[in-house]
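In: Output the structure for:
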Amino acid sequence: MRIIFFLVLICLAMAPARAQNKKDSQGRRQGAWVKYYPDGKTMLYSGQFKDDRPVGEFRYYFESGKIKSIVQHETKERSYAWFYFENEQLMSEGQYVNQKKDSVWKNFNEQGFLVSIETFKNNRLNGEKLIYYIQNQIETGEVKCAQLETYKDSILHGSYVEFFSTGSKKQQGAYILGKKAGVWETYHPDGSVATRIKFREGKAYGYAHAFDEEGTELYKSYWLDGKRLDAKALDKYLSECKNKGVIPEE
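Out: Take a look at the predicted model:
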């Protein structure tokens, strides 16, 4: 009787395992699935499959046993995911479409403060990326933007703005396919223009100006193909332009 009793206990203990990790006649995963780390004891992930497709909630684990990520499969194409640091703080959250990042993703540091908000399409940055000050969040609980970047297919493309922690602009310009373009300005804390310079294909050109808080020009310099010309080189360049009948870059 004692032997039979122990055999029954073993069968009951093995029943959940037999109910997991099943495949149908076509080799498709069906029902509850659990996978373990190489030690065979620590769970790597758990979830449900239907016709070899993940459905509902999947949970992934660190080797410590703490939650690493949770993925909620909402439709065949769309799922929402939460990723965690091992200290259990949320690291990032956002949506997948066809297993690729899509729409808005939020990112946090290990202390739980918001680091950035990014916009994705087809697993690439497309649209605005906002980077936030951490110090403001620590000291006052305020979430203030430090930097705004614009992307196209994960390349900087469009407006770019930096902010002081007070919220006023620190620097502003634009990128075209990863290279600085057009007029770039920096600002004094009171909002007045501090410097102004032009870029083309990522290289500074023409006159750059610097101003004080009252708008008085402090100095100007001349740039050619991304290099600043000193007085001697500038005189030579302007003389060559005049001899050739070429108008210098302004």
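In: what's the pLDDT at residue 248?
Out: Per-residue pLDDT puts residue 248 at 86.
In: Identify each buried residue in stretch 20-36, please.
Out: Burial within stretch 20-36, assessed by neighbour count using 16 or more other C-beta atoms under 10 Å, is assigned to 29, 33. Where C-beta positions appear, they are placed from N, C-alpha and C, glycine not excepted.
In: and it, what's its mean pLDDT?
Out: Mean predicted lDDT for stretch 20-36 stands at 93.
In: Pull it out as PDB, backbone CA atoms only.
Out: Extracted as PDB, the C-alpha positions of stretch 20-36 are listed here (Å, rounded to 0.1, in the frame of the first residue of the first chain):
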ATOM      1  CA  GLN A  20       2.400  21.700 -20.400                       C
ATOM      2  CA  ASN A  21       4.600  21.900 -23.500                       C
ATOM      3  CA  LYS A  22       2.300  19.900 -25.800                       C
ATOM      4  CA  LYS A  23       2.200  19.900 -29.600                       C
ATOM      5  CA  ASP A  24      -0.600  18.800 -31.800                       C
ATOM      6  CA  SER A  25      -0.300  16.300 -34.700                       C
ATOM      7  CA  GLN A  26       1.000  19.000 -36.900                       C
ATOM      8  CA  GLY A  27       3.800  19.900 -34.500                       C
ATOM      9  CA  ARG A  28       2.200  23.200 -33.400                       C
ATOM     10  CA  ARG A  29       2.500  24.300 -29.800                       C
ATOM     11  CA  GLN A  30      -0.800  24.200 -27.900                       C
ATOM     12  CA  GLY A  31      -1.800  25.300 -24.400                       C
ATOM     13  CA  ALA A  32       0.400  26.100 -21.500                       C
ATOM     14  CA  TRP A  33       4.200  26.300 -22.100                       C
ATOM     15  CA  VAL A  34       7.100  26.700 -19.700                       C
ATOM     16  CA  LYS A  35      10.700  27.000 -20.500                       C
ATOM     17  CA  TYR A  36      13.600  26.800 -18.000                       C
END
